[in-house]
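sequence first, then the predicted structure:
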Amino acid sequence: MPSDQYHDPFEDRLTAALRDSGDGFDADVAALTAGGEVRGRRARLLRRTAVLSGAAGIALAGLGGVLLVPGGDSSGPRSTAAAGPAASTGPAASASAPAAASFSGDDLLRSLKDLLPAPGKFREESARGTGGDLPPHAHLVYDDGGGAAAIGLGLRRVEPGSQEVRELTRCPDRTFVDYDDCTSARLPDGSLLMLFQGYEYPDRREDTKWWNAELVTAEGAHVSLSEWNAPAQKGAEVSRAEPPLSVEDLRKVVTADVWRRVVDAIPERPGRSATGTPQAPPRAVPGGSIGATLTELLPDGLTVVGRGGQESEYAYLVVDDGRGRSLVQINVQPGMGDVAGQLHGDAETLPDGTLVTTRKGPGEKGAEGVVMWTADTMRPDGFRVVVTAFNTGAQHQDATRDAPALTVGQLREIALSPKWRALR
Amino acid sequence: MRQRRADEYAEFAAARAGHLYRSACLLTAGDTHLAEDLVQETFGRLYVRWGRVSRVGNPAAYAQTVLTRTFLAHQRRRSSRERATDVFPDLPGAADGDAPLRLTLMAALARLPAKDRAVIVLRYWEDRSVEQTADVLNVSSAAVRTRCVRALGRLRELLGEDLAEYSRP
């Protein structure tokens, strides 16, 4: 294809220019590696599997909110402090409850204090509400008489069912992290909860203990609660043998209904997480629609035995007509008009101006006997749909059949379907 | 065992940080703050998976893949529809003292859609093949070629003359 078929001196110049310019960026290696390690350590703690099958030991205090109140909280004002209607009607409420207008940082601090198991003294309070670009959080130092301890809470929205959620709630691998205990379970309302008791420094160079609860609800509210047996996460002397909240306390606090309402109140526009970590992409996954549409457009007699793809441009199916697997992939790319000439130099032009090229050629990944058949189309406005089929179920695997399961004519018909346009 | 792995990781991170950061600077078209953020995020992910990563044949390439995908995820989050940036924000890397070529190049990269930029960085900075680039981006080789052609075309328009000094005799 164009960029491979001839050598372009501009490419050499670009390579040299990139090298020159790139080499001019000086990295602060120490800051990068230290920052990476901090994130990694945190992520690892957040990473736990939904191993849950048996771990139902975690008897869930009520996720509807009503049962939470006994979690040591005798003061009534929690519901008012948290503002908004308490979801007192059971698990469904969190899904259907109207989002509260907003929660201030003080609201969060008040709710957190109310949920703590025993009265105590507070200092170093800081918090951010739901109004800003960054996710809400609350932090304070709590002393129940047994020693000052830092407590931190973070709230954000995640994509339910995503890989990220699985990682957040998966207990870390003990071959990497030394910790005392960790459980991960699915709660009756579908939330995932991980309770972790470990150390701020996995290498135990200091004795600071870090206990942590990570909750992700079925609706995608992520509540992260941490506590230490020191007044600061790092750089403070240990003030007590263990953090002040027991694992049971942690569970009660993290599952409190108020936090779900706070997450509901976070504006929909996803912002950066507190650590600047890129979050999961927004919910619409047009790649899924591309795969679904491709499935609809398949000729009869084909069974879909595998599928995948990503984002808005690409999907693939593995189909089988009874004579072996055949990979079918599709690209849907708007705005490609500027390369029409290069892609469709010898194309047929349909009455509506659409360009169509079909090709039969060898596979691209060097596997034995693989052929790829392609129908490449471009509408007059640059909307390109390319459908390719292989005589193997995976491009890097040797051919499993003589020809792809679809003819070039069928590929062409799929590529020209008006349904692709409807996806945009 | 654990300590050995931790040491390995630390050694790897220290050795690769500079290169990853430079890649990230190109991916972000000179936004050095975002580049730092992306590299730290990449290291965070590698740290978590180090046991597996260290067993794959080429952890450096794997790190580059993670960086690229992290960058693209970040871009997707910023904008649900990919488009070239006509007005690019202040570039922290583009201080007055920077070489003019770098400024010009970063400005041109900034005008490419994120994925096109990723293709350019992988192909011409990382020296990956079309197929390797396709694997990193999880798209087909055909899509990489198309993007590459398009991105080169735009860069040629934007930079043609400015890169003349790199002409080889």
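Ah, there it is. Residues are numbered from 1 along each chain as shown, chains lettered A, B, ... in the order given.

can you find the helix or strand in chain A with the smallest mean pLDDT?
Within chain A, confidence by mean pLDDT, DSSP states H and E is lowest for helix A:78-82 among all helices and strands, at a mean of 33.

for the residue sitting nearest the centre point of chain B, which non-adjacent residue is closest in space?
Centrality entry for chain B: nearest residue to the mean C-alpha point is residue B:27, 3.6 Å, by Cα atoms, centre = their mean. The shortest distance from residue B:27 to any non-neighbouring residue, by Cβ to Cβ, 6 or more residues apart in numbering or on different chains, is to residue B:71 (4.8 Å). All C-beta spots, glycine's among them, are computed from the backbone N, C-alpha and C.

check for me that residue A:329 belongs to a helix.
No. Judged by DSSP: H, G, I helix; E, B strand; the rest coil, residue A:329 forms no part of a helix; its state is strand.

how about it, what does it touch?
A:309, A:314, A:315, A:316, A:317, A:387, A:388, A:389, B:140 (Cβ atoms under 8 Å, 6 or more residues apart in numbering or on different chains).

in strands, which of those fall?
In strands, defined here by DSSP state E, the members of the contacts of residue A:329 are A:309, A:314, A:315, A:316, A:317, A:387, A:388, A:389.

wait, the fifth one sits on residue A:292?
So that's residue A:317. No. If you go by Cβ atoms under 8 Å, residue A:317 and residue A:292 don't touch, sitting 10.0 Å apart.

compare the two (neighbour count), which wins?
residue A:317 (21 against 14; other Cβ atoms under 10 Å in any protein chain shown).

what about the more buried one, distance to chain B?
Separation of residue A:317 from chain B (Cβ to the nearest Cβ, to the nearest Å): 13 Å.

where along the chain do the helices fall?
No chain specified, so I'll use chain A. Counting by DSSP state H, one finds helices in chain A at the ranges A:2-5, A:9-23, A:29-46, A:78-82, A:92-96, A:105-115, A:163-168, A:247-254, A:257-265, A:286-297, A:340-343, A:408-415, A:419-423.

I was after chain B.
Going by DSSP H, chain B shows helices at B:2-27, B:32-48, B:50-53, B:59-78, B:100-110, B:114-120, B:130-137, B:141-159.

save those helices as JSON lines, and put in mean pLDDT too.
As requested, those are exported to JSON lines (pLDDT from 0 to 100):
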{"stretch": "helix B:2-27", "mean pLDDT": "89"}
{"stretch": "helix B:32-48", "mean pLDDT": "89"}
{"stretch": "helix B:50-53", "mean pLDDT": "82"}
{"stretch": "helix B:59-78", "mean pLDDT": "85"}
{"stretch": "helix B:100-110", "mean pLDDT": "86"}
{"stretch": "helix B:114-120", "mean pLDDT": "94"}
{"stretch": "helix B:130-137", "mean pLDDT": "90"}
{"stretch": "helix B:141-159", "mean pLDDT": "88"}
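
export those as a markdown table, with columns for distance to residue A:248.
Shown next, in a markdown table, are those (distance: least, Cβ to Cβ, whole Å):
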| stretch | distance to residue A:248 |
| --- | --- |
| helix B:2-27 | 30 |
| helix B:32-48 | 28 |
| helix B:50-53 | 32 |
| helix B:59-78 | 36 |
| helix B:100-110 | 52 |
| helix B:114-120 | 46 |
| helix B:130-137 | 45 |
| helix B:141-159 | 52 |
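
go through the ones in strands among the contacts of residue A:329 and name the one nearest chain B.
Nearest to chain B, judged by Cβ to the nearest Cβ, of the ones in strands among the contacts of residue A:329 is residue A:314 at 5.0 Å.

from the contacts of residue A:329, which is closest to residue A:167?
Nearest to residue A:167 out of the contacts of residue A:329 is residue A:309 (Cβ to Cβ; 21.5 Å).

where does the stretch 301-424 of chain A dip in pLDDT?
Within the stretch 301-424 of chain A, the stretches with pLDDT under 70 are A:309-313, A:337-339, A:341-343, A:364-366, A:395-396, A:424.

would you map the strands across it?
Remark: strands assigned in the stretch 301-424 of chain A by DSSP state E, counting those that start in this stretch are A:303-310, A:314-320, A:325-333, A:348-349, A:355-362, A:371-378, A:384-390.

of those, flag the one that's most buried.
strand A:384-390 (a mean of 26; mean count of other Cβ atoms under 10 Å in any protein chain shown).

what is it packed up against?
Judged by 3 or more Cβ pairs under 8 Å, 6 or more residues apart in numbering or on different chains; DSSP states H and E, strand A:384-390 is in contact with strand A:325-333, strand A:371-378, helix A:408-415, helix B:141-159.

the third one to strand A:355-362, inter-axis angle?
By that I understand helix A:408-415. Interaxial angle of helix A:408-415 relative to strand A:355-362 (axes from the mean of the first three to the mean of the last three Cα atoms, to 10 degrees): 130 degrees.

helix A:408-415 packs against which elements?
For helix A:408-415, the elements it packs on are helix A:286-297, strand A:355-362, strand A:371-378, strand A:384-390, judged by 3+ Cβ pairs under 8 Å, 6+ apart.

can I get those in CSV with distance to residue B:55?
What follows is those, written out as CSV (distance: least, Cβ to Cβ, whole Å):
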stretch, distance to residue B:55
helix A:286-297, 30
strand A:355-362, 33
strand A:371-378, 32
strand A:384-390, 30
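
which of these sits closest to residue A:331?
Per Cβ to Cβ, nearest to residue A:331 of the helices and strands packed on helix A:408-415: strand A:384-390, 4.6 Å.

do a quick rundown of the strands in the stretch 151-300 of chain A.
Under the criterion DSSP E, counting those that start in this stretch, strands of the stretch 151-300 of chain A are mapped to A:181-186, A:192-199, A:209-216, A:221-228.
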